[in-house]
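*Asks:* Below is the sequence, then the predicted model.
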Amino acid sequence: MDKFVIQGGAKLQGNVRISGAKNGSLALIPATLLAPGTYRLTNTPNLRDVWTMSRLMGSLGAFCELNGNELFVDTRNITSFEAPYEHVKKMRASFYVLGPLTARYGLAKVSLPGGCAWGPRPVDLHLKGLEKLGAEISLEQGYVVSRAEKLKGAKFHFDISSVGATGNVLMAAVLAKGTSILTNSAIEPEITALARMLVKMGAKIDGIGTSILEIEGVDDLKPVDEETIPDRIEAATFLIAAAMTNGKIEIEKVNPYHLTSVIAKLEEAGCIIDVNGDKITLEMEGKPIATDIITQIYPGIPTDIQAQWTALMLTAEGNSKVVDTIYSDRFKHVPELARLGADIDIVDNSAIIQGGRKLSGATVMSSDLRASASLILAALVAEGTTEVLRIYHLDRGYEELDKKLIALGANIKRVKTDII
Ligand code: UD1
């Protein structure tokens, strides 16, 4: 198991290329189940969750090969319709195969994902949506079993705007007979990108990019090649890292439009930001201004940068408040940040952060993906040495974060350790 050993104090400077979006890629890969054939998915991030999804696809009979950032997928020989617990327990996004398998093969058996590090993560909307399209859903020995001879178009309203449920139900609706209207659909860029790939495959979808999706089911889809959109969360993490270290960096190959709310908040915090095509430059002098955020569905501030923003606010002048309206209990990073000297109070779904306290190096433990990012950010500004354990959480969703940070001047070593 790896840990990071980080010496704080370096200013980040230089250029960094942002990878393809983890959450984008995890939606595109299962979409290949909808049309047997071969696919080239470019700009695929080479990271652990993509490997897990590829293994899951392999267990269904697909062939997946990742060469650098190009994922080749062959779905001509699907022989199993079961997503076993060993994959789903590692990654909840495995649940994405439920919709496509039901739609294309009439049967899916997917292990029910349990809770996650920061609390319960229900899948009721995925199931209700599929039932509305005519799937028969049962729960058998910890598995969701979904059966349908032929799905039928229907109207479905998502009670909560859910990225995963929208992706799943959308992938099912494109092969259903007749028209489906999905309201309160998620409009996160990763879902819009999925819808665009489905259209390229021959699906008929109106309202892409809005919360009302109208889908006219088709009998067949065809395989395509597709490029994964840039990772807006990775991009935000680097911008925050530069802001915290009083650095100046340029991030490349991003879609600044996807980062509008984050850029606005960074500017409010005193960062000087310049957007030029697919590049964003951030420069920060002095301490950030204490700036509150409230996480919201897109185009609001993503919950996936809440932990990193909390780390940024530790370096601010004054107190600030971070409210998470998506996951009310996503604060596992807070006790670990406290080990570095942070003073943060959790009140309901809010973190109240006292800025300006001195942070000093300590050994801290990652509990989940974005929590580990926030610990690394805090370590970059802590005095002395910080060891961040359980880096496998980070490796799930960031492509070579350590190497990219080192190229920007950070002092980080990846070390094998027996401590777990
Ligand atoms: C996706 C992202 C994750 C991000 C989250 C919110 C992927 C692989 N993961 O997760 O990084 O943090 O969006 O932007 O894309 N909910 C229900 N019932 C359901 C489904 C969801 O009540 O059936 C609730 C959840 O508890 C949560 C909210 O809806 O409060 C949003 O969750 P959702 O958008 O579904 O998150 P994921 O798709 O799991």
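*Replies:* Okay, I see it. Numbering: from 1, shown residues only.
*Asks:* What strand or helix carries the closest residue to the ligand within the stretch 51-200 of the chain?
*Replies:* Of all residues in the stretch 51-200 of the chain, residue 164 sits closest to the ligand, at 2.8 Å by Cβ to the nearest ligand atom. In this view, the C-beta of every residue, glycine as well, is placed from N, C-alpha and C. According to DSSP states H and E, residue 164 maps onto helix 163-173.
*Asks:* And for the residue of the stretch 51-200 of the chain closest to the ligand, the neighbour number?
*Replies:* Using other Cβ atoms under 10 Å, residue 164 has 23 other residues around it.
*Asks:* pretty sure it contacts residue 96?
*Replies:* Yes. With contact defined as Cβ atoms under 8 Å, residue 164 reaches residue 96; the gap is 6.8 Å.
*Asks:* Tell me the helices and strands packed up against the helix holding residue 164.
*Replies:* Judged by 3 or more Cβ pairs under 8 Å, 6 or more residues apart in numbering; DSSP states H and E, helix 163-173 is in contact with helix 22-31, helix 98-105, helix 124-132, strand 179-183, helix 189-200, strand 213-216.
*Asks:* I'd like to know how far the closest residue to residue 312 other than its chain neighbours sits from the ligand.
*Replies:* Leaving aside its chain neighbours, residue 312 sits nearest to residue 240 (4.9 Å; criterion: Cβ to Cβ, 6 or more residues apart in numbering). In this view, residue 240 and the ligand are 16 Å apart by Cβ to the nearest ligand atom, to the nearest Å.
*Asks:* so residue 240 sits in a helix?
*Replies:* Yes. Assessed with DSSP: H, G, I helix; E, B strand; the rest coil, residue 240 lies in a helix.
*Asks:* which parts of the stretch 1-150 of the chain sit against the ligand?
*Replies:* By Cβ under 6 Å from any ligand atom, the residues of the stretch 1-150 of the chain that approach the ligand are 23, 26, 92, 93, 121, 122, 123, 124, 125, 126.
*Asks:* and the fifth one, that one's in a strand?
*Replies:* In other words, residue 121. No. The assignment for residue 121 by three-state DSSP gives coil, which leaves it out of any strand.
*Asks:* Count the residues that sit near it.
*Replies:* Residue 121: 14 neighbours (other Cβ under 10 Å).
*Asks:* for the first one, same thing?
*Replies:* Other residues near residue 23 come to 26 when the count uses other Cβ under 10 Å.
*Asks:* wait, it sits on residue 167?
*Replies:* No. Using Cβ under 8 Å, residue 23 is not in contact with residue 167, being 9.4 Å away.
*Asks:* which residues are common contacts for those two?
*Replies:* Contact criterion Cβ atoms under 8 Å, 6 or more residues apart in numbering; residues bridging residue 23 and residue 167 by contacting each: residue 190.
*Asks:* low-scoring pLDDT stretches of the stretch 301-420 of the chain, where are they?
*Replies:* 419-420 (pLDDT under 70).
*Asks:* Kindly report the residues of it close to the ligand.
*Replies:* Contact residues, the stretch 301-420 of the chain versus the ligand (Cβ under 6 Å from any ligand atom): 302, 303, 304, 326, 327.
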